[in-house]
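Participant: Build me a structure from this.
(chains A and B)
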Amino acid sequence: MKMNIKYKKLVIAGLLLGSAGLWQACTSDFEEMNTSKTKLTTLGADELPFLFSRAEQQASYQSGTYQIAQNLFSDLYAQYFATSATYFPTDRYVKRDDWITGHWNPVYTQVVPQLKTLFEQTNPASAEYALANIMWVFSFHRLTDYYGPIPYSAAGIPALSVKYDAQADIYKDFFVRLDAATTALKAKTSEKPYGTFDLIYGGDVNKWIKFANTLRLRLALRISKVDPAEAKKQAEAAYAGGVLENIADDAYMTKNLAGDDANGLSRIAVWNEFRMSASMESVLKGYNDPRIGIYYQPASTTNTFEGLRNGLTPAQLALAKNGNNDNSNVGTRWVTGAGAAWNTNFTTPQNILHSAEAYFLRAEGALNGWAMGGTPKELYEKGITASMAQWGVTGASVTAYIASSAKPVAPGDQQNSPALSDIQIRWDEAASNAVKREQIATQKWIGLYPDGMEAWAEFRRTRYPKLYHVVNSENEDVPASTYIRRIPFILQEIQTNKTAVDDAVKLLGGPDKASTPLWWDKN
Amino acid sequence: MNKILRTWLLTTMLATFFLSQAFAQDRPISGKVSDENAAGLPGANILLKGTTRGANTDAEGAFTLSVPATGTLIISSVGYASKEVTLTASISRIDISLEPDARSLNEVVVTALGIERSAKSLTYATQKIDGKQLTDVRDANFVNTLSGKVAGLVVTQGASGPGSAARVTLRGNRSISGNNNALFVVDGVPIDNTVQGQVGNDFGGVNGSDGASNINPDDIESMNILKGAAASALYGSRAANGVIMITTKKGKAGAVTANINSGVVMENPLILPKFQNTYGQGNGGVSSETAGASWGAPATTYKDNVKDFFRTGVSTNNSFGVSAGSEKVQTYASYTNNYNQGIIPNNSLMRHTMNLRVSSQITKKFSTDAKITYTNQKINNKPRSGEESGAVMNVYKVPRSVDLDKYKEYENANGEPTYWTSSSIYMNPYWTMNKTSDLEKRNRTTVLGSAKYQLTDWLNVQGRISLDRYDDRVSRSWSNRTLLFAGPGGSFEDYTVAISERNLDVIFSGNNNIGKDLALTYNFGAGQTYKRYSQNGAFANGLLVPNKFDLSFAAALNPRADFSEKMLQYVFGTASLSYKDYLTVDFAARNDWSSTLPKPYSYFYPSFGANLILSDALQLPEWISFAKLRGSWAQVGNDTDPYQLKQAYSFSQGGTGGYISRDDTQPAGNLKPEISSSTEFGIDLRTFDGRLGLDVTYYNSNTVNQLLKLKLAAGTGFANQFINAGKINNKGVEISLTAKPLRTDHLTWDMTLNFARNVNKIVKLDPNIKEATLAGGYGRTASPVVTEGGSYGDLVAQTWKRDSLTGQFIISGPDEKGLGAGKPVVADGLHKIGNFNPKFTFGFNNQFSYKSISLSFLIDGRVGGTMTSGTEANFASDGTSEYTTAHRDGSWVLPGVTSKGETNSTAINAETFWTTVSGGRYSWGEFFSYSTTNIRLREVTLGYNIPVSNTFIKNARISFIARNLFFLYRGYAKLDIPGVAKRKLPFDPDVNLGAGNFQGVEYGNLPSTRTIGLNLKLGF
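Facilitator: Residues are numbered from 1 along each chain as shown, chains lettered A, B, ... in the order given. So this is what the prediction gives:
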């Protein structure tokens, strides 16, 4: 039975045509197939609280970036800690471009997108919008205070290049936003924006008003040398609006064992890479400060509190007295253990903003002659009391501390450093304003611990406390006899946004170096 | 979709089956092909002239084939003159002997999609490896044994011991964000070679496995390497990097035959670092028991600490294969067991592979082929590579005066680790070995079914389906107090990765003679590839009952869940027109529809090629036995990964109810497919009766509009952007020279020299972004980058500052800004210190045979290329390297000038110097960069065919085998440091941190090994 050739050809042609037809139909589910099932592609009202949580977490640097964003830079430059690891050169003023992106990227890629969505999807008069505005300022002030000019007004707008704004303009906008936020919130005190997804206050609007005003007060003092009039105006408005006064209102961030969401300081303190600085040792030991045993733990080998100097070379770090076991790790709030074996407390809440700082800011404002609701002395002493209470120290020891004329001592470190300063605790109305400013700043420095970002910014503004110079600098722009004043623009930006960076150098008002002061730094 | 296609396939098969009833009956024919000495010739090809129907001879030279009543059979084998036999109705058996002939090139090779073609008609370069070359010398990943055997093929091994993924590139690198690995195709169908999680920065990690290592070399009949786009274009996107085509064994009709291949090898580190044995733990010349370094006073040292930590690995390979069959059904079944011990005591791999293949000639015109392969693999404790706390780095960090034997007790009574120092990341290596674990279990099933129907004398249709599915179950534990990794109570991770791929295709193949001199062969068809990836499991950050390694004890569970799928559909056609058998012109085209691209999902790419067999077309001098010119131009299109087009938002654990955040890569909804085009020309020349052969190929390929993930100014809200950009050019030459210097009755000598040179240029990157890192961002020692105007894999690192006019080293001056005088000064920014790719590679293979004895050896080498060693940077910083003993007394005056131009006169000591240029974890990479030029004795095999008179055992062969024996030459450090003797390359550049695109950096890599062993093959 031979098949007709014609028929055979027809069958083949039919098969081919049929298959070609099927192909057309087969791509119909491609779009559905290429839509991720493990991610979201649209956002609705239900998702907004999750976005706010994310912005809060990232604005204060999560577990994974805390070290490279904060600990290896500002925590060292504030001299809360000194590097004990031989391989970390930032303590000798070397800039590490591979780490510093950990400070830059979270703000732009993790805070800004979430907040922008909230701005777009909430009513500008709502409490949700106001909270987003506050987190915007909180996040950006920590960024601009590292570099000076940064992309700000054009942040979050897709483009090939993003322009930088001058720090003065950025600060101007901070005050506008904080004012708008507090105004809006005053009308919403019965609401619970974001509810439990607000990791700081659980949606407590009254506390957020105090938070925003305290932040406004902080920023007002920051510009007090460069723009005293505006500083006064903003500080007085902040105080009048109500700042943090009670430790019950202090801002902490909830931390979680799940995800990459642990307390950053707890996570890194088990790695034996940093220890108490000699500066902290000089002050806390000299003051016989009860917080020393809370902030730090006795050194494993000596069972005493010991610190080391910032900027030691690998060879110096290897010397006796500079080793990890000879110096103090952070307190048991964050880690427990001894020697090389440490356990971490991942879920310790992160310190964000405290009433003690508000008192010290007001004390300085009062010294400037601003209406801060108290005399410098009263506010200085309330600041100490609040800080002690914040760390669980109350009663007679606090009274005695305030009355103490103790001064910093020589820490007895490997470098045989002298005492950090001769500033005493006890307030003396007869003392000069310079002394009073140093007292306030020194106590605020102690009180801000472990927030090295704010402490470094305030050191640059006030030059108090009188920190040690680094023992060695490996940055030609910042000799060891000077202090680092900013972080130069980051390599990643030069690679991706060069024209904008070139323009930004003009806004900086000096060369793009670590020695160029920021706009508000008039020292 | 899937359903529709299946229905269609079924219909097609049914239709063809139905049609089969209409054709005349065929009949079986059997026979034997022997060589000039009357010995059976295995692997000879029997082809029904004018069709694609054929068979191969078995180990004894026997074959069976179903043939029509009349026709002509072409019988051919490599190196032999082919013969033709005219079939008559009375012939049912053909016994024929072939004569050696170098002119003969009737060898049939398997090309893309499994299409068989005569080698001489190919218009592009391929290179064949016989299966036998892969079964004597073994490696846990057989891909590693390809090194040196193919011109232009570069293998890099991952640093995680047995089971590590291998990186195989052909003709250089072309993809920045994607994969550069060659595609593996088994029996015409691509197999999944997903290279899972490779270490992508020098901090480190554990390298995942790949898919190709599951291919069992004992089942391989032959391997053909399609190097360029012209050869591989029919595979489309995935074949842009070339294809390694593998044909596996089939059952043969006739008596039952069985083969046993059994081997045992021992492994030891090929080279270990050279340590100093004078100074002990301490710093500044003072001893200290807590120091991490060895800059202390002279002390008793333990010179074999490192050597003794590694063990001699013993590995075995046992394979059993049986072939049987009738005229109608042939079966091949095999079982192989591989057991590989790593040189780190708890590291091992166990693999069982079972394979069953059934080929049936159901009717004269209808044949089927079905294969199922099952692999069960278990890998224990793949070591971590990189600086993080892996066993290798931990043992390297032990100070010279520490008696490591004491630390075999790795924990104290409280379960706390015992240490030699208080390091932040480095631990007692015995703790790492005993208190952390990593187990990976794989179950893989690959099923292939194909049916072929001879529609007419000149046209057949083939339908194929393949399913490849595997699950990797990974369990990892870290005991409480393990630095870096353990949460409170310890940490545990348990997850399963499931990967599956399904391929369907239908191919019509035909041939027609047009007139007397013109022959046309063609193939056309359609197919579909569907791929799915999923991951499920969890990580327990903290265990409520310490060290109970199960997810039930988790303090907090972090889910690991992932899913992706993609589908590719394609139609293709090829046509090959030959004139008088000496001029062939090829056309091919393919159109793809990919689910990963925006509408209309479609892209088209053609290829053309031509060849001219000069020796047939013209009268050439007598001494030229064969000469062929070939040229081709081809395009290959490429799609991308799933989910790149739309903005996505990810959920993550933490906070009070979790987080949602926008992904930080800006999607591109208007992506275009990527197209790479390549041109190649080649000449194939055989002279003096084939005693000398030369094959030269020149190629030039351009990959444009790459689908790239590039950085974006973060101020936009995105850290990365996904765009079409760039132009990457690769051009080069491949030369393969074969010679048979000796060919007497008993003694023969064959040699092959492979040579390849590839030159890469990044012609364009992006109008705004001029440099991109190759995964992982900027590293701790050096970073591989692509820079416009540079070439793929340039390494940038921190360097010693030079005077811009005189080139003299800059040394810090006295009291200059507190930097300390007499020390090297680092240059601003990162500078190019080399490129990780070799300038050229070669392999020189020699085979001698004398009666029953055979000897072969392979020397291979790579010339040029740079690698930077983070390990060396640690040794330098720690004062453990041999070269750190010089100038410890502080007499080291570096020649150079201060930035003010004054000649340096300040003396420093070795410790100051080495700790300045290396902080250990972070270093000035230029000081630790080495030329990777090396030449080594790669393989030696000495075999003896044992004469057997036993009728049960048909043949027996025992061989002594050795791999990676020693270096004949090793390169030196790129920087000659004044006052330090030249430093020789202290590690094997074949081993890299991982098998991804982050190459050129060595950091805590497991040393490569030298293997020596015995292998026994028995045939029944």
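
Participant: So the nearest residue to B:Lys364 once chain neighbours are set aside versus B:Thr363, what's the distance?
Facilitator: Closest residue to B:Lys364 apart from its sequence neighbours, by C-beta to C-beta, 6 or more residues apart in numbering or on different chains: B:Asp26 at 2.6 Å. C-beta here means a position set from N, CA and C on the backbone, and glycine is covered the same way. As for B:Asp26, its distance to B:Thr363 is 8 Å (criterion: C-beta to C-beta, to the nearest Å).

Participant: just A:His469 next, same as before
Facilitator: When distance is defined by C-beta to C-beta, A:His469 is 93 Å away from B:Thr363.

Participant: Looking at B:Asp26 and B:Thr363, which is more packed in?
Facilitator: Counted by other C-beta atoms under 10 Å in any protein chain shown, B:Asp26 and B:Thr363 do not tie: B:Asp26 has more neighbours, with 20 against 17.

Participant: unless I'm mixing things up, that one is touching B:Pro68, no?
Facilitator: Yes - counting by C-beta atoms under 8 Å, B:Asp26 does reach B:Pro68; the two are 5.3 Å apart.

Participant: Overlap in contacts, these two.
Facilitator: Common contact partners of B:Asp26 and B:Pro68 (C-beta atoms under 8 Å, 6 or more residues apart in numbering or on different chains): B:Lys364.

Participant: how about the helices in chain B?
Facilitator: Ranges of helices in chain B, per DSSP state H, are B:2-20, B:229-232, B:305-309, B:391-396, B:429-435, B:614-617, B:870-878, B:910-917.

Participant: Near chain A, which residues of the stretch 351-500 of chain B? Just list them.
Facilitator: For the stretch 351-500 of chain B, the contact set with chain A under C-beta under 8 Å from any C-beta of the partner chain comprises B:416-417, B:419, B:421-425, B:455-456, B:459, B:481, B:483-484, B:487-488.

Participant: Would you indicate which residues of stretch B:640-648 are buried?
Facilitator: B:Thr640, B:Asp641, B:Pro642, B:Tyr643, B:Gln644, B:Leu645, B:Lys646, B:Gln647, B:Ala648 (16 or more other C-beta atoms under 10 Å in any protein chain shown).

Participant: So what touches it?
Facilitator: Residues outside stretch B:640-648 that contact it (C-beta under 8 Å, 6+ apart) are A:33-36, A:39-41, B:178, B:564-566, B:594-598, B:662-663, B:667-669, B:671, B:674, B:707, B:722.

Participant: Quick one: buried ones out of those residues?
Facilitator: For the contacts of stretch B:640-648, a burial check counting by 16+ other C-beta under 10 Å picks out A:33-34, A:36, A:39-40, B:178, B:564-566, B:594-598, B:662-663, B:667-668, B:671, B:674, B:707, B:722.

Participant: With adjacent residues omitted, what lies nearest to B:Gly631?
Facilitator: When the adjacent residues along the chain are set aside, B:Gly631 lies closest to B:Phe681, with 4.7 Å between them (C-beta to C-beta, 6+ apart).

Participant: And A:Asn206, by the same measure?
Facilitator: Spatial nearest neighbour of A:Asn206, chain neighbours left out: A:Thr189 (5.7 Å); criterion: C-beta to C-beta, 6+ apart.

Participant: secondary structure class for the one you found?
Facilitator: Using DSSP: H, G, I helix; E, B strand; the rest coil, the secondary structure recorded for A:Thr189 is coil.

Participant: Can you pull the poorly scored residue ranges out of the chain?
Facilitator: Using chain A here. Along chain A, the model assigns pLDDT under 70 to residues A:1-25.

Participant: not quite, I wanted chain B
Facilitator: For chain B, residues meeting the criterion pLDDT under 70 lie at B:1-25, B:36-39, B:50-52, B:59, B:78-79, B:100-107, B:422, B:776, B:815-819.

Participant: quick one, what contacts the closest residue to B:Pro559 other than its chain neighbours?
Facilitator: Nearest residue to B:Pro559, sequence neighbours excluded (C-beta to C-beta, 6+ apart): B:Ala538, at 5.1 Å. Neighbouring residues of B:Ala538 by C-beta under 8 Å, 6+ apart: B:Glu493, B:Asp494, B:Tyr495, B:Leu551, B:Ala554, B:Leu557, B:Asn558, B:Pro559, B:Arg560.
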